[in-house]
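Peer 1: missing the sequence, but the structure's below:
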């Protein structure tokens, strides 16, 4: 073959090799601009959330120990760090509070969406303010991760579209059961961290997406029972999501993420394999959990399950 052909082939190969890097460059993970931990949980992204019962104390710890290096801006008050620590007393009134963690003498900040929970003691006859919760099963093998929630985030129409991490909203994780407002939800911050990390990861591997479809997030025991799911599902505890990529075409169905020209369980397998090695590759042992893959049915396309149960679990439904 001619020298011109070989030069052209090398040029094409060079361009193809560049594609993942270009794709990755177009995705903004919105990583946190400085290091801070909330009650020992590292805040990894520029938007985060925390849910707690009324009257609790939040501890923000910073690597930088100089006094007044950081501040927490909450409503009408601003609290400066002392020796790398800020203590904040959570309001006694349930609801949503928008806080900012700021680095002094810079534009760097982290948006912290704080939710003061409605205590589970307010559940009456299996319902919370008219919203059907149902009854939680006895904790699986007595494990703490399977204890019934101590409280619930109250979701009104006004905050359903609120960003609780850079690429996910509160409403994406609502239970699918039919109801009016307010609705109630249980959600774990570590799940959002894992989903954000997974989204960042798939972009680095050439799957260009600014969001994931959350097919199923939180499920009340009432709803979970109605669809015949297992009683100890991690969805009941706010630590699981069934997800898929839907970018092009946007049709509420899994995309051809493996590039074979069709949408099959192989696309779920492709995402599963990335999720399967995520914790090992990133060293985020705090995000250890389950990964499952599911084939399409008459009701939905292929998808994968991700959770943060604390122990490794893997399965496939085809």
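Peer 2: It's in. Everything numeric here is computed off the predicted structure, so don't read it as measured data.

Peer 1: Excluding chain neighbours, give the residue nearest to the residue nearest the centre of the chain in space.
Peer 2: Nearest to the geometric centre of the chain sits residue 192, at 1.8 Å (Cα atoms, centre = their mean). Here the nearest residue to residue 192 in space, its sequence neighbours aside, is residue 165; by Cβ to Cβ, 6 or more residues apart in numbering that works out to 4.3 Å. Placement of C-beta: from N, CA and C, glycine included.

Peer 1: so the one you found makes contact with residue 190?
Peer 2: No: under the criterion of Cβ atoms under 8 Å, residue 165 lies out of contact with residue 190, with a separation of 11.2 Å.

Peer 1: between these two, which one's more packed in?
Peer 2: With neighbours defined as other Cβ atoms under 10 Å, residue 165 and residue 190 compare such that residue 165 has more, 23 against 18.

Peer 1: which residues does that one contact?
Peer 2: Going by Cβ atoms under 8 Å, 6 or more residues apart in numbering, residue 165 touches 45, 47-49, 192-193, 195-196.

Peer 1: do you know how far the residue nearest to residue 192 is from residue 257?
Peer 2: In this view, residue 165 and residue 257 are 21 Å apart by Cβ to Cβ, to the nearest Å.

Peer 1: what do you get for residue 93?
Peer 2: Applying Cβ to Cβ to residue 93 and residue 257 gives a distance of 44 Å.

Peer 1: returning to that earlier point: for the contacts of residue 165, which one is nearest residue 155?
Peer 2: Each of the contacts of residue 165 was checked against residue 155 using Cβ to Cβ; the closest is residue 49, at 12.3 Å.

Peer 1: Show me what the mean pLDDT comes to for the helix or strand harbouring that closest one.
Peer 2: Following DSSP states H and E, the helix or strand that holds residue 49 is strand 47-52. The average pLDDT for strand 47-52 rounds to 98.

Peer 1: And for the helix or strand that comes right after that strand, what's in contact with it?
Peer 2: Under the assignment DSSP H and E, the closest C-terminal helix or strand after strand 47-52 is strand 57-62. For strand 57-62, contacts defined as Cβ under 8 Å, 6+ apart pick out 34-40, 50, 52, 69-70, 72, 81, 84-90, 101, 114.

Peer 1: residues near the spatially closest residue to residue 271 that is not a sequence neighbour, how many?
Peer 2: When the adjacent residues along the chain are set aside, residue 271 lies closest to residue 304, with 4.9 Å between them (Cβ to Cβ, 6+ apart). By the measure other Cβ under 10 Å, the count of residues near residue 304 is 28.

Peer 1: Backbone dihedrals for residue 281, please?
Peer 2: The phi and psi torsions at residue 281 (degrees, to the nearest 10) take the values phi -70, psi -30.

Peer 1: how about it, what does it touch?
Peer 2: Under the criterion of Cβ under 8 Å, 6+ apart, the neighbours of residue 281 are residue 201.

Peer 1: low-confidence ranges in the protein?
Peer 2: 1-25 (pLDDT under 70).

Peer 1: Reformat the contacts of residue 165 as CSV; add distance to residue 178.
Peer 2: Formatted as CSV, the contacts of residue 165 follow (distance: Cβ to Cβ, whole Å):
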residue, distance to residue 178
45, 32
47, 29
48, 30
49, 25
192, 25
193, 30
195, 25
196, 29
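
Peer 1: what's the angle between the helix or strand encompassing residue 198 and strand 47-52?
Peer 2: In the assignment (DSSP H and E), residue 198 maps to helix 189-204. For helix 189-204 against strand 47-52, the angle by axes from the mean of the first three to the mean of the last three Cα atoms, to 10 degrees is 160 degrees.

Peer 1: elements contacting helix 189-204?
Peer 2: helix 3-25, strand 47-52, strand 163-165, strand 168-169, strand 240-244, helix 265-276, helix 278-282, strand 303-307 (3 or more Cβ pairs under 8 Å, 6 or more residues apart in numbering; DSSP states H and E).

Peer 1: the more surrounded of residue 93 and residue 257?
Peer 2: Neighbours per residue (other Cβ under 10 Å) separate residue 93 from residue 257, with residue 257 holding more: 24 against 9.

Peer 1: Just list the residues touching the more buried one, thanks.
Peer 2: 202, 207, 245, 267, 270-271.

Peer 1: now residue 220
Peer 2: Under the criterion of Cβ under 8 Å, 6+ apart, the contact partners of residue 220 comprise 132-134, 175, 177, 184, 236.

Peer 1: backbone phi and psi for it, please?
Peer 2: Dihedral angles for residue 220 - degrees, to the nearest 10 - are phi -70, psi 150.

Peer 1: From residue 133, how far off is it?
Peer 2: Counting by Cβ to Cβ - residue 220 and residue 133 are separated by 5 Å.

Peer 1: how many neighbours does residue 258 have?
Peer 2: Residue 258 has 17 neighbours, counted by other Cβ under 10 Å.

Peer 1: residues in contact with the residue nearest to residue 271?
Peer 2: 242-244, 268, 271-272, 275, 291-294.
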